[in-house]
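> just need the structure, nothing else, for what follows:
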Amino acid sequence: MPTQRPDSVKEETEPKLLRLPFQVPDEPVFVWDGSVTATAAAGRNARLLARTRLTVARWTGDVEDAARIVEKLVDNAVRHTPVDETDKLQVHLYVDSAGQLLVEVDDPMPEFPGFFAALAWQPAGEGEKPRGLWCVQEAGAELAFRRRRDVNGLVMGKAVQGRLAGAVPEVSA
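Numbers count the residues shown, from 1 in each chain. Modelled structure (predicted):
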């Protein structure tokens, strides 16, 4: 005899959205950890730092796109989290052996309300100003976030992550 489901259990009509955080490479070929002061210029400053670091590291991907991604993620942290102009935001760049870049921007807010809505947002028309995370995705990055914890496991905020592929080297025949 088949088991009857109670009427209170409803089938999901839409799949659950699941976005797991990206893993920091175990053995990155390049790492940079820096910080910017959480002012209105933080995004621009982070963009300049990231562009310089990725150029010196000879990252094979689009350095300008990566620098704009860092700028937008830092701008979002300044605009949407409780930071003061004297606070520092941590920025981390990791490149793995396949040339993939992982950008992390730390902020003090452990939750990311509206994350999936922000990922799904599209400009309604030509006159609507693009939003930060939309710009990040348009530049080719996948987005995720993870909670940051201290050594005792206490949640200290989150890291918003952008992952971008490096250029595939051309193979001559």
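> longest strand in this structure, by residue count?
Secondary structure assigned by DSSP state E gives strand 155-164 as the longest strand of the chain.
> got the contact list for that strand?
The set of residues external to strand 155-164 that reach it, using CB atoms under 8 Å, 6 or more residues apart in numbering, is 21-22, 61-62, 65-66, 69-70, 73, 76-77, 92, 100-112, 136, 139-150. Where you see a C-beta, it was placed from the backbone N, CA and C, and this is true even at glycine.
> also stretch 47-58?
With contact meaning CB under 8 Å, 6+ apart, stretch 47-58 is reached by 30, 32, 34, 36, 61, 63-64, 66-68, 70-71, 74, 91, 93, 95, 101, 103.
> again, only using 6 Å
Contacts of stretch 47-58 with the rest of the structure, by CB atoms under 6 Å, 6 or more residues apart in numbering, involve 30, 32, 34, 63, 66-67, 70-71.
> can you dump the C-alpha atoms of the helix or strand bottoming out on mean pLDDT in the chain in CSV for me?
The helix or strand of the chain with the lowest confidence, counting by mean pLDDT, DSSP states H and E, is helix 115-120 at a mean of 88. Provided in CSV are the C-alpha atoms of helix 115-120 (Å, rounded to 0.1, in the frame of the first residue of the first chain):
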residue,chain,number,x,y,z
PHE,A,115,20.8,38.0,-2.8
PHE,A,116,18.9,35.9,-5.4
ALA,A,117,16.7,38.8,-6.4
ALA,A,118,19.8,40.9,-6.9
LEU,A,119,21.3,38.1,-9.1
ALA,A,120,18.1,37.9,-11.2
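> name the residues of it that come out as buried.
Of the residues in helix 115-120, those with enough neighbours to count as buried (16 or more other CB atoms under 10 Å) are 115, 118-119.
> number of nearby residues for the nearest residue to Asp65 once chain neighbours are set aside?
When the adjacent residues along the chain are set aside, Asp65 lies closest to Ala139, with 4.3 Å between them (CB to CB, 6 or more residues apart in numbering). By other CB atoms under 10 Å, the residues close to Ala139 number 17.
> and the gap between Ala139 and Leu154?
34 Å (CB to CB, to the nearest Å).
> repeat for Asp75
27 Å.
> these two: who's more crowded?
Shown here are Asp75 and Leu154; by other CB under 10 Å, Asp75 has more neighbours (20 against 8).
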